[in-house]
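Chemist: Sequence and predicted model, in that order:
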Amino acid sequence: MESIDYHSAMAMLAWQVELGCDECTADVPVNRYEIPSLAPKIDQGSEATPVLASEPVFIDPISLGHVAAERAQDLDGLRAALESFEHCELSRGARNLVFADGTPGARVMIIGDPPSLEEDREGRPFVGGAGELLDKMLSAIDLSRKSSVYLINVIPWRPPQNRDPKPDEINMIQPFLKRHIDLAKPDVLVVMGNQSCKILLGSHSNMSLRGNWGELFDKPVLPMLHPTYLLRNPTAKRETWDDLLSLKMRLSEI
């Protein structure tokens, strides 16, 4: 190749810049989409050891949920585990973790639907009008959240716009729920609401299940109507009174 003098080379370069060429390239094409099998060496004054390119890490949130839940040795530890669990999208959109209310270690554990807007604001289950009605229902059979009932939600975070929880959200939170029951050690479970019955008992309507005792996590379970439903449908309070009497009788037998 003939040599080009300095002035000619500069003139050719200026001409290419005017055409829009603003980047130098090598004389051999480079495939920039190719993934190298070895990471580039770093000059540290001595020969560095080649490092293999890292493979993408797959994170299984359900398995991580099992591990985190099993590590909790008490209710405070379980609450801390839920607060630090970053793999459930619900926790990012909710205002507060709705962990529990009432008396830890009580004979009766009531599991309600996913948190409502009021529950999300206060960080406690069964608040507002529904909570007041529940307290009256419990008082009628000599129970109280202050002494003999422990309250939780089937999901500890409010889904956006009160939508139904997604299957993956349910599956990753299920280990925490089971661990919650194990640590609280109730004698009897009461499941209130359509969503809680769907998630825990496989039914889309607790109206078809209410009043019929079953078993959940090796404990007797009684499906009941949610107080929110009773506020909208007062005529259903008669069936709920029957369920409360059934609960009272079951406690006397255990």
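Modeler: Perfect, thanks for sending it. Residues are numbered from 1 along each chain as shown.
Chemist: Can you give me the distance of Pro61 to Phe126?
Modeler: As judged by CB to CB, to the nearest Å, Pro61 and Phe126 stand 28 Å apart. Every residue, glycine included, has its C-beta placed from N, CA and C.
Chemist: which of those two has more neighbours?
Modeler: Neighbour count, other CB atoms under 10 Å: between Pro61 and Phe126, Phe126 has more, with 30 against 18.
Chemist: these two touch, right, the more buried one and Gly112?
Modeler: Yes. Counting by CB atoms under 8 Å, Phe126 touches Gly112, with 6.0 Å between them.
Chemist: tell me, what's touching those two both at once?
Modeler: Among the neighbours of Phe126, those also in contact with Gly112 (CB atoms under 8 Å, 6 or more residues apart in numbering) are Leu151.
Chemist: what stretches of this structure score poorly on pLDDT?
Modeler: Applying pLDDT under 70 to the chain flags residues 1-4, 6-7, 15, 17-58, 204.
Chemist: dump the residue contacts of the residue nearest the centre of it.
Modeler: Compute the mean C-alpha point of the chain, and by CA atoms, centre = their mean the closest residue is Cys88, 4.3 Å away. Applying CB under 8 Å, 6+ apart, we find Cys88 in contact with Pro61, Trp157, Glu169, Met172, Ile173.
Chemist: Just flag the most distant two among those residues.
Modeler: Pro61 and Trp157 (13.9 Å; CB to CB).
Chemist: coming back round to it: with secondary structure and distance to Asp120 as added columns, please give the contacts of Cys88 in a markdown table.
Modeler: A markdown table is the format used below for the contacts of Cys88 (DSSP: H, G, I helix; E, B strand; the rest coil; distance: CB to CB, whole Å):
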| residue | secondary structure | distance to Asp120 |
| --- | --- | --- |
| Pro61 | helix | 22 |
| Trp157 | coil | 8 |
| Glu169 | helix | 15 |
| Met172 | helix | 19 |
| Ile173 | helix | 15 |
